[in-house]
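Trainee: Provided below for reference: sequence and predicted model.
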Amino acid sequence: MIRFIDEHKDQFGVEAICRVLRPAVRGFITARGYRAAKTRAPSAWSLKDELLVPEIARLHGENYGVYGVRKMHALMRHVRAGRSAGTRPLGSWGSPACRA
């Protein structure tokens, strides 16, 4: 949702977007929460994901982009990461096989 707000904030404004989305998406984000998220330091997960993405992309490409979460996790046994570490990057690429 942060990315969506970033793409549309020049056209509509942060407050207006948050006001419209709040009833549609329960517990969504307020304008204040958006600004806090933008200034917050990266989380440990996002830092680890940045390190894992090249390896996941290589393995995914070597297997013709058809491996889902379970097979990717099995391929990544040598990397100290949980099953969800392979899910998050696959989901960000829009892979249809990324159900956790």
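Mentor: Thanks, I have it. Residues are numbered from 1 along each chain as shown.

Trainee: what about the protein, any weak spots by pLDDT?
Mentor: Across the chain, the stretches falling below the confidence threshold (pLDDT under 70) are 23-28, 79-100.

Trainee: quick one: the strands in this structure?
Mentor: In the chain, no strands are found when defined by DSSP state E.

Trainee: ok, H8 touching C18?
Mentor: No: when contacts are counted by C-beta atoms under 8 Å, H8 is not listed as touching C18 (11.1 Å). Any C-beta I mention is one placed from the backbone N, CA and C, and that applies to glycine too.

Trainee: neighbour count: those two, which is higher?
Mentor: Applying other C-beta atoms under 10 Å to H8 and C18 shows that C18 carries more neighbours, namely 20 against 13.

Trainee: so how many other residues sit close to the closest residue to that one other than its chain neighbours?
Mentor: Nearest residue to C18 in three dimensions, chain neighbours excluded: A31, at 4.9 Å (C-beta to C-beta, 6 or more residues apart in numbering). By other C-beta under 10 Å, 16 other residues sit near A31.

Trainee: and A31, what is it in contact with?
Mentor: Applying C-beta atoms under 8 Å, 6 or more residues apart in numbering, we find A31 in contact with 14-15, 18.

Trainee: which ones among these map onto helices?
Mentor: 14-15, 18 (DSSP state H).

Trainee: for those residues, which one is nearest R70?
Mentor: Each of the ones in helices among the contacts of A31 was checked against R70 using C-beta to C-beta; the closest is C18, at 36.9 Å.

Trainee: for the closest one, which residues are in contact?
Mentor: Taking C-beta under 8 Å, 6+ apart as the test, what C18 contacts is 5, 28-31, 34.

Trainee: just the buried residues of those residues.
Mentor: By the neighbour-count criterion of 16 or more other C-beta atoms under 10 Å, the contacts of C18 include these buried positions: 5, 29, 31, 34.
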